[in-house]
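Engineer: coordinates only, sequence not included:
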């Protein structure tokens, strides 16, 4: 459908398609279909443009091993170039690498800096990661108030994991109705792995408010799992 819409737009008089965007779109389509070699090919072609978003996607291919041998040093190079070009997701990916110590020395402080840069570029998931780091005590010791503020900002920006963290904090301060509202708010923002995590979190939580949320998370996960894969 996306390709069809793109084709219709490019057929308009005087309208020329942005070929890098076309390449990135095709790469994402191949990725969604599980055709990793073709996805890598499209991302590699797009990255020749030097555009930050294309460099970030090629970095992701090397990080994840999409159609190519996994190579963290090369991923790091592409993420760094994309970050210098202002791509927020590249900073998020760098933060993940340094926080996990995946192919690089673990450096939570450096990860924090990258997540902060990503958040300034509008990456809501980065705000959630900043909340987790404040909660865990990085870089200046535990900061519960700061963690809650970052979680709330990320949740209000549409990050499902931040909604879960807000719900968790509400449970910890014995505010079940507030927790239920955050959990319910997260449902349309989630995806199968998230819905399964929400089911797990709510498995031992008592209260009538949580049963329909747990049931809806399970229903959504099962519906997605039962959708046939694209041929």
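Structural biologist: That came through, no problem. Computed from a predicted structure; not experimentally measured.
Engineer: Least confident secondary structure element in this protein?
Structural biologist: For the chain, using mean pLDDT, DSSP states H and E, the weakest element among its helices and strands is helix 2-10, scoring a mean of 41.
Engineer: Which elements pack onto the helix or strand following that one?
Structural biologist: Proceeding C-terminally, helix 2-10 gives way to helix 19-32 as the next helix or strand, assigned by DSSP states H and E. Packing partners of helix 19-32 (3 or more Cβ pairs under 8 Å, 6 or more residues apart in numbering; DSSP states H and E): helix 2-10, helix 36-47, helix 52-64. For every residue, glycine as well, the C-beta is placed using N, CA and C.
Engineer: Check those for me: which has the lowest mean pLDDT.
Structural biologist: In terms of mean pLDDT, the lowest-scoring of the helices and strands packed on helix 19-32 is helix 2-10 (a mean of 41).
Engineer: from the helices and strands packed on helix 19-32, which stretch is densest packed?
Structural biologist: Across the helices and strands packed on helix 19-32, averaging neighbours per residue (mean count of other Cβ atoms under 10 Å) puts helix 52-64 on top, at a mean of 24.
Engineer: Check which helices and strands that helix sits against.
Structural biologist: Counting contacts by 3+ Cβ pairs under 8 Å, 6+ apart, the secondary-structure elements packed against helix 52-64 are helix 19-32, helix 36-47, helix 72-84, helix 88-100.
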